[in-house]
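Participant: Here is a sequence with its predicted model. Questions after.
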Amino acid sequence: MTELERFLSFIKQHALFGESERILLAVSGGRDSVLMSHLFKQAGYHFGIAHCNFNLRGEESIADEEFSSDLAFKLDVPFYGTSFKTEEYARENHISIQMAARDLRYQWLEEIRNDFDYRYIAVAQHQNDVVETVLLNLTRGTGIAGMHGILPKRGKIIRPMLFLTRDEINDSVEKGNLSYREDSSNSSTKYARNKIRLEVIPKLKELNPHLEETFLNNTKRFADLEILLNNTLQNLRTKIFQNLDSDEYRINLDDLKNLNPLNTLLFGLFQPFGFSEAVLNDLVKSWEGNSGKMFYSSTHRLILDRKSVLLSPRLTEKITNYTLNEAGEFSWNNSFYNSFVTDAGNHQLIKEKHVLQADYSLLIFPLIFRTWQAGDFFYPLGMKNKKKLSDFFIEQKIPLTKKQEVGILVNGNGDIIWICGYRPDDRYKIRKATEKVFILVKQNIHGK
C-alpha cells in the first residue's frame, strides 16, 4: 500500500471528513506539515494553508512565514497568515510561552475556519507526538483521558497524519525531494517535550524498537476504556442525580459513599462541573457531621446537607441590599415588586404568599431588602414564639442552594417583616385598629 493509499485509508477509517468538505491545514513549514500539504494536494481535496508567526525566533520566524506562503502558491491553494506577540501575551496571562502559542494558534485557526467556511482544521501530529504527549502527561499526572494521548478527531480538529511515524515522514520528505523549514528550537532541551523526545524516548526504544506502534495500540485501548468509563458515569448521573431545577441537583450521600472505586467515580461524576480532586478529597473527609459546609469549583458549588449533597451553579454576583424609602415599583434579585398604601376600610384581605399586607403605622422607613444572615429570626404569622430562619427554611423544604436567594424584608428597627414569598411576621399583621395597609406584591421577572 502506497503512502497516499494509507493516508486515504486512515481518513476513511476514522471518518475524519467528507471528500467535498473544505479543510484548513495548520502549516508551520516543518517536514510533517509540508508532507501533509502535499498529500492533501495529491488526494485532490479542497484545502487552504494557515500559518502562525509567533515572533519567537527573529528572522527564522519571518522565513517560516514566507516559506509557508510560497508553498500555498505552489500548490495553488488559499493562504492565511498572522503574527502574534506571543511573549507579551504569555506575560499578561501568566502562562508559559508554549501554552500562549497554543492558545493563540487555535483561537486564530478557529476564526479562519469559521470566517472562510472550512469544515475542519487539520494539524500534522504523528505517532511520535502521541508517545511524547502520553509520557508528558504521565510525568505531570493524568487521568485516563491523558493516557489516550492525541485522538485522530476531536471537535473541529483532525489529525490525518497519525498513521505515520517521524522516521516515515522523514523518509517520505527525502524521497519526494520536498523543501521544508527546520525549527532550530526543536534541538533545545529546555522545553519538556523536547527533553522527552531527545533524551527519554531513545532510551525506551532500546527496550522496544517498535515503541510508536506499541503506544498507538495502547492509546486505542485507553480511548475505548474512556468511552466505557464515560458511559458508566453518565448512567450513574442519571441514576443518582435528582434534578431539583434546570441546573440544580440533589445526590444522596449514601450513594456517593458506596461508589467503588470511590476516587475515580467521584472525580468523574463531578469533573464536568469543574471540581478538582483536591476539593473532592475535602468533601469525602467532611462527610460526617459537617452539614452546611460548601465546596467550590470555578463555576459550581457543592453543599453538604445531613443526608445528601446539593449541586448548583455558583452565584457569579453577590446579591446586594435594596433600600425602600417609600411605596413604589422596583426590582430585586430577578423579581419585580410593587408596593402601595391603602385605607384599611377599603381593603379586603388577600390570601396569597406572594403578597405582603402589613400595618403601615408600624413601619419605619427605609425598609431593607437583603438575603438571610446567620442568627436571623422572626415571628411567623399566627405564632407567638420566634423561630430561627434556618429552622424555617428546613420546615419549608427550601434547598440550601436557594436560601441565599430568598428576599428578607427588614424594618427600620431591625425586625424582619416578611420572608418574601413565604410568610409575613405576626407582629406586623393587620389588626382591628389598623388604619392604613402597606401592600407589597412580588412577581418574578421571568414569570416563575
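Facilitator: Yep, it's here.
Participant: R102 is in what secondary structure piece?
Facilitator: Assigning secondary structure by DSSP states H and E places R102 in helix 97-115.
Participant: Can you list the buried residues in the helix or strand containing V341?
Facilitator: Per DSSP H and E, V341 falls inside strand 335-343. For strand 335-343, the neighbour count (16 or more other C-beta atoms under 10 Å) marks S335, Y337, S339 as buried. For glycine as for every other residue, the C-beta is placed from the backbone atoms N, C-alpha and C.
Participant: on that earlier part again, what's next to the helix holding R102, contact-wise?
Facilitator: Contacts with helix 97-115, where a contact means C-beta atoms under 8 Å, 6 or more residues apart in numbering, come from 24, 26, 50, 52, 54, 56, 80, 82, 84, 86-87, 89-90, 93, 95, 118-121, 156-157, 191, 193.
Participant: Give the next helix or strand downstream of that helix.
Facilitator: Past helix 97-115, further along toward the C-terminus, the next helix or strand under DSSP H and E is strand 120-122.
Participant: Residues contacting that next one, please?
Facilitator: Contacting residues not belonging to strand 120-122 are listed as 16-17, 21, 23-26, 36, 40, 47, 50, 106, 109-110, 113, 156-160 [C-beta under 8 Å, 6+ apart].
Participant: who does the helix or strand following that strand touch, helix- and strand-wise?
Facilitator: Toward the C-terminal end, the helix or strand that comes next after strand 120-122 (DSSP H and E) is helix 127-140. On a contact count with 3 or more C-beta pairs under 8 Å, 6 or more residues apart in numbering; DSSP states H and E, helix 127-140 meets helix 144-147, helix 192-195, helix 201-207, helix 211-240.
Participant: cutoff 10 Å now
Facilitator: When contacts are defined as 3 or more C-beta pairs under 10 Å, 6 or more residues apart in numbering; DSSP states H and E, helix 127-140 packs onto helix 144-147, helix 166-175, helix 192-195, helix 201-207, helix 211-240.
Participant: Tell me the buried residues in it?
Facilitator: Buried-residue list, helix 127-140, by 16+ other C-beta under 10 Å: Q127, N128, D129, V130, V131, E132, T133, V134, L135, L136, N137.
Participant: Over to stretch 417-430?
Facilitator: The neighbour-count check on stretch 417-430 (16+ other C-beta under 10 Å) flags I417, W418, I419, C420, Y422, R423, P424, D425, R427, Y428, K429, I430 as buried.
Participant: Check stretch 78-88 too.
Facilitator: Residues of stretch 78-88 classed as buried under the neighbour-count rule (16+ other C-beta under 10 Å) are F79, Y80, G81, T82, F84, T86.
Participant: Against A122, how distant is the fifth one?
Facilitator: When distance is defined by C-beta to C-beta, to the nearest Å, F84 is 20 Å away from A122.
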